[in-house]
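**Student:** here is my input; please provide its structure:
(chains A and B)
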Number of protein chains: 2
Amino acid sequence: MKRILILGAGKSATALIHYLLEHAEQYDWHVVVGDRDQSIAAQKIDGNPRGTAIAFDVNDADLCAKCVQESDIVVSVLPAQFHLRVAEDCLRFGKHIITPSYVKANELALDAAFKEAGLLFMGELGLDPGIDHMSLMQLIGEVKAFGGEMTAIRSFTGALIAPESDTNPWHYKFTWAPMNVVLAGQGTARYLRNGSPQYVPYNRLFDQIESYEVPETGTFEAYANRDSLPYLDTYHIEGVPTFIRGTLRFQGYCKAWNALVRLGLTDNTFTIPDADQLSWAALMDSYLPPFNRDKAIDQRTADFLQLPLSSPIIDQLRWLGLFSDTKIKTKAGSPAQILHDLLVEKWVFQPEDRDMIVMLHVVDYSLNGKSYRKSSSLTLKGDAKDTAISYTVGLPMAIMTKLILLDKIDLTGVHIPIQEQVYTPLLEELKQFDIEFKEQLEEIS
Amino acid sequence: MKRILILGAGKSATALIHYLLEHAEQYDWHVVVGDRDQSIAAQKIDGNPRGTAIAFDVNDADLCAKCVQESDIVVSVLPAQFHLRVAEDCLRFGKHIITPSYVKANELALDAAFKEAGLLFMGELGLDPGIDHMSLMQLIGEVKAFGGEMTAIRSFTGALIAPESDTNPWHYKFTWAPMNVVLAGQGTARYLRNGSPQYVPYNRLFDQIESYEVPETGTFEAYANRDSLPYLDTYHIEGVPTFIRGTLRFQGYCKAWNALVRLGLTDNTFTIPDADQLSWAALMDSYLPPFNRDKAIDQRTADFLQLPLSSPIIDQLRWLGLFSDTKIKTKAGSPAQILHDLLVEKWVFQPEDRDMIVMLHVVDYSLNGKSYRKSSSLTLKGDAKDTAISYTVGLPMAIMTKLILLDKIDLTGVHIPIQEQVYTPLLEELKQFDIEFKEQLEEIS
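**Tutor:** Take a look at the predicted model:
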């Protein structure tokens, strides 16, 4: 019997745990799920005799070592900063480890040690990062295989709300870490366009957007992710003149978010004390330039943004309650924290809501003197049992766990899933869960 | 004989050292000047038998302790983060200490210990902070003394170039830490306006400016300093509905700087590798939205900023060389670092240049049913011997050293110079150095 240790039983572990338990009898696995809150782990195991829920605290070094030692493979869905500690125990006791998080420099530094020990550290094996790497590598591989010369590669992901659950003018609800959404893009984004780097500072990141059509799903806005350039090397596509990774939102989101940025409501560098003594309208008054204070706050906001009062953006701000006399609930916090607390309430994902993952790769290439655009897209909605994000984050790790335990993977060291031996079987099996890309090809001028 | 220890012999120490040496014979002082580079200290002492230059490294704990122990008072003009270490030695050996830097929380925490030891830690005793505190407290004290009810207090300082040395369209040269100028204002500024806080995020700090006239000197632009609100308490002016501290620039500077902010050139959060392979025009191309790339770079910049090509702002950017094919000199660095390296060259303060300090306080108050505006301003130019900034930073510390050694000061603990017993004699003596405020009073409607 093989023992699988899953650390962390939060939302992104549900599909992972279920998959492994469902296959446990067939492959003779036992699945140990550790969480600070043992009851959450127990709930996900739901009495399956192939599963054991334990209380797990990553700061308890002895417990962590013991758990790792008793397992054959470890899947860490703990907060990203804890993977390193677990990985060090994996090295010590000779275990493979899988995580869904971006591989950090201090994890990559373990590459030689993992290689030497004949072990695998597979990171970035969720949705984004994860399925994006695998599906794009497969697409690039296809184009390379028939000799197409790639001129542009664009790769976008959005964790969104399904249209049937879209009940607000932002067309967005939180299906993922809210603070990451509030702070998204601070700094400067960088990608490659026509052979030159393109820099987009935060003050116009949500303004300088592009529209993309996803077949059978709709039209989306894309803003650039922080730094696309390192992926030229990762994906072995050096020399492609245009390359961008980005995030998808429904139409109308980005320009309205840009209004919040311009107002200053996403700043996280200072604290507003006694915020709960203020109404939202009073906070807005503090942010607006001090002109025409006799005018209504919505009109002043529209004037500041150089928009008509009837603009949908003003409606979006109004829907959030920013012009209202309602008191702010946050006692004290940065503007970003105060906005976060409001949005968590306004953009709440209800139990009956369905989320939707949209991923789109667009590759332009030339072949025999003609130019083509090949698009590959994934649309997946959550169902009554689980969210699309849980499926798409958890199932890649679950399938990978199986592949490793069945000795199908011939990799050691620290990796992300860009190898054919990984993405081919993984993407193939994901199709059984409706995680399937649709391709389109058109000739372009 | 009293021994005075001056730590740091950089630019801001020149007037300080000279004053103390000039008075050393009269008061029987010996002045020890320590610097990492002993020759700089020796140069400033210039053979005066009342002075001794030593090599000083603040990281050499034994040396630091020995120097402090042998002195009667310490003036630290080291980089601000080192004052704490020196202050701890001052506590240990029973010495007073003076610094020109903002008092940090960890220094303020020594207040009780300094009090108990009967010692004084006087911080913020330079120009800004320093002379601004003292002159504003004096002005506020006057208005309070005759019963005026203050409705607005505004306090601005600019370390500028004298008009006769103004040779560029920015009307600015570096007379002070350049990187502080490049990074100025990142985050959100906060002040008080008509009883409400006013927030100004970085993306419009240099756009949301006000004009102020300084008698016999000119018209200046003011942008808000980071956080004015804590000074309501410091200055004992709680209840005043409008209060702002800010920075002065010559007209035309702020809007042009705002163009650099909008472009993204002041961001310090990521590194551009191989920057020295790029021309400035190529860097600008990377920052401009990717439209109309067949147009010239200056025209595209003007379009992006929604300015005519003939705008003075475009001329200012052109003068910096941002549209040129000249290669960037910085090998690799953040945009802010690359901009810093360019500006250090373009805005160089030449040996023959004269700097100029401008300080302006504007206090509105009502008295007997009438409203008045009292302005107090300082204009000081550097001369052939030293810069205005060196005089205004160094002389307050020098005079304070004298006052302490002559037992004129009855203060213990950690302080900034807001006490009448400090600012009255200090501002009086500063007049001998042409550091003298001129007042204006007008009735306002």
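**Student:** can you name the next helix or strand after the top helix by length along chain A?
**Tutor:** The single longest helix within chain A, with elements called by DSSP state H, is helix A:388-405. Sequence order places strand A:413-415 as the next helix or strand after helix A:388-405, per DSSP states H and E.
**Student:** what average pLDDT does the helix or strand just after that following strand get?
**Tutor:** Using DSSP H and E, the next helix or strand after strand A:413-415 towards the C-terminus is helix A:420-430. For helix A:420-430, the mean pLDDT works out to 98.
**Student:** identify the residues contacting the nearest residue to residue A:327 once chain neighbours are set aside.
**Tutor:** Spatial nearest neighbour of residue A:327, chain neighbours left out: residue A:279 (5.7 Å); criterion: C-beta to C-beta, 6 or more residues apart in numbering or on different chains. (Each C-beta comes from the backbone N, C-alpha and C, glycine too.) For residue A:279, the contacting residues are A:324, A:325, A:326, A:327, A:328, by C-beta atoms under 8 Å, 6 or more residues apart in numbering or on different chains.
**Student:** which of those residues tops the neighbour count?
**Tutor:** residue A:328 (21 neighbours; other C-beta atoms under 10 Å in any protein chain shown).
**Student:** closest residue of the stretch 51-200 of chain A to chain B?
**Tutor:** In the stretch 51-200 of chain A, the residue that lies nearest chain B is residue A:187 (3.9 Å; C-beta to the nearest C-beta).
**Student:** for residue A:391, give its distance to residue A:424.
**Tutor:** Distance, residue A:391 to residue A:424, using C-beta to C-beta, to the nearest Å: 20 Å.
**Student:** which of these two has more residues huddled nearby?
**Tutor:** residue A:391 (29 against 14).
**Student:** correct me if wrong: that one contacts residue A:435.
**Tutor:** Yes: Residue A:391 lies in contact with residue A:435 (C-beta atoms under 8 Å); the separation is 6.8 Å.
**Student:** between those two, what contacts are shared?
**Tutor:** residue A:380.
**Student:** if I look at the residue nearest to residue A:327, how far off is chain B?
**Tutor:** Per C-beta to the nearest C-beta, to the nearest Å, residue A:279 is found 12 Å from chain B.
**Student:** tell me the pLDDT at that residue?
**Tutor:** Looking at residue A:279, its pLDDT reads 97.
**Student:** tally of neighbours for the residue of the stretch 51-200 of chain A closest to chain B?
**Tutor:** 16.
**Student:** and the stretch 301-445 of chain A, which residues reach chain B?
**Tutor:** Counting by C-beta under 8 Å from any C-beta of the partner chain, the residues of the stretch 301-445 of chain A close to chain B are residue A:335.
**Student:** can you pull up the most central residue in chain A?
**Tutor:** residue A:128 (4.6 Å; C-alpha atoms, centre = their mean).
**Student:** next one: that one from residue B:270, what distance?
**Tutor:** In terms of C-beta to C-beta, residue A:128 sits 21 Å off from residue B:270.
**Student:** same deal with residue A:130?
**Tutor:** According to C-beta to C-beta, residue A:130 stands 24 Å off from residue B:270.
**Student:** one more: residue A:193?
**Tutor:** Separation of residue A:193 from residue B:270 (C-beta to C-beta) stands at 17 Å.
**Student:** what does residue A:101 give?
**Tutor:** 21 Å.
**Student:** who has more neighbours, the two?
**Tutor:** A side-by-side neighbour count of residue A:101 and residue B:270, using other C-beta under 10 Å, places residue A:101 first with 20 against 16.
**Student:** tell me who's in contact with whatever residue of the stretch 251-400 of chain A ends up closest to chain B.
**Tutor:** Of all residues in the stretch 251-400 of chain A, residue A:264 sits closest to chain B, at 3.0 Å by C-beta to the nearest C-beta. If a contact means C-beta under 8 Å, 6+ apart, then residue A:264 has A:287, A:335, B:188, B:199, B:200, B:201, B:203, B:204 as its contacts.
**Student:** nearest to residue A:39, of the residues you listed?
**Tutor:** residue A:335 (36.0 Å; C-beta to C-beta).
**Student:** verify the stated contact: that closest one with residue A:271.
**Tutor:** No: using C-beta under 8 Å, residue A:335 makes no contact with residue A:271, being 9.2 Å away.
**Student:** who has more neighbours, these two?
**Tutor:** Neighbours per residue (other C-beta under 10 Å) separate residue A:335 from residue A:271, with residue A:335 holding more: 27 against 12.
**Student:** for the more buried one, report the pLDDT, please.
**Tutor:** Residue A:335 carries a pLDDT value of 97.
**Student:** over to residue A:12?
**Tutor:** 84.
**Student:** let me see the contact set for it.
**Tutor:** Taking C-beta under 8 Å, 6+ apart as the test, what residue A:12 contacts is A:77, A:100, A:126, A:389, A:390, A:393, A:394.
**Student:** same deal with residue A:114?
**Tutor:** Here residue A:114 is in contact with A:91, A:120, A:121, A:412, A:413, A:414 (C-beta under 8 Å, 6+ apart).
**Student:** can you tell me the helix or strand for it?
**Tutor:** Using DSSP H and E, residue A:114 falls in helix A:111-116.
**Student:** moving C-terminal from that helix, which element do we reach first?
**Tutor:** Criterion used, DSSP H and E; the element after helix A:111-116 is strand A:120-122.
**Student:** packing partners of that next one?
**Tutor:** On a contact count with 3 or more C-beta pairs under 8 Å, 6 or more residues apart in numbering or on different chains; DSSP states H and E, strand A:120-122 meets strand A:96-98, helix A:111-116, strand A:413-415.
**Student:** hmm, who's touching that strand?
**Tutor:** Residues outside strand A:120-122 that contact it (C-beta under 8 Å, 6+ apart): A:87, A:90, A:96-99, A:103, A:107, A:110-111, A:114, A:400, A:404, A:409, A:411-417, A:422.
**Student:** state the mean pLDDT of that strand.
**Tutor:** Strand A:120-122 comes out at a mean pLDDT of 98.
**Student:** what residues sit buried inside that strand?
**Tutor:** A:120, A:121, A:122 (16 or more other C-beta atoms under 10 Å in any protein chain shown).
**Student:** what's across from the first one in the sheet?
**Tutor:** Here residue A:120 sits in beta bridges with residue A:413, going by DSSP bridges.
**Student:** need the contact partners of the strand or helix carrying residue A:260.
**Tutor:** For residue A:260, the element it lies in under DSSP H and E is helix A:253-263. For helix A:253-263, contacts defined as C-beta under 8 Å, 6+ apart pick out A:170-172, A:202-207, A:209, A:221, A:223, A:266, A:284, A:287-288, A:301, A:304-305, A:312-313, A:316-317, A:339, B:201, B:203-204.
**Student:** and the most far-flung residue of chain A relative to its centre, helix, strand or coil?
**Tutor:** Distance from the C-alpha centroid of chain A peaks at residue A:294, with 43.8 Å (C-alpha atoms, centre = their mean). Following DSSP: H, G, I helix; E, B strand; the rest coil, the label given to residue A:294 is coil.
**Student:** so for it, what's the pLDDT?
**Tutor:** 90.
**Student:** do the same with the one 10 residues further on
**Tutor:** Listed pLDDT for residue A:304 reads 97.
**Student:** now do the same contact list for it.
**Tutor:** Residue A:304 makes contact with A:262, A:263, A:288, A:289 under the criterion C-beta under 8 Å, 6+ apart.
**Student:** ok so it is a helix residue?
**Tutor:** Yes: counting by three-state DSSP, residue A:304 is found in a helix.
**Student:** how close does it get to residue B:324?
**Tutor:** Distance of residue A:304 to residue B:324, given as C-beta to C-beta: 35 Å.
**Student:** residue A:217 reaches residue A:379, doesn't it?
**Tutor:** Yes: with contacts counted by C-beta under 8 Å, residue A:217 reaches residue A:379, the gap being 4.6 Å.
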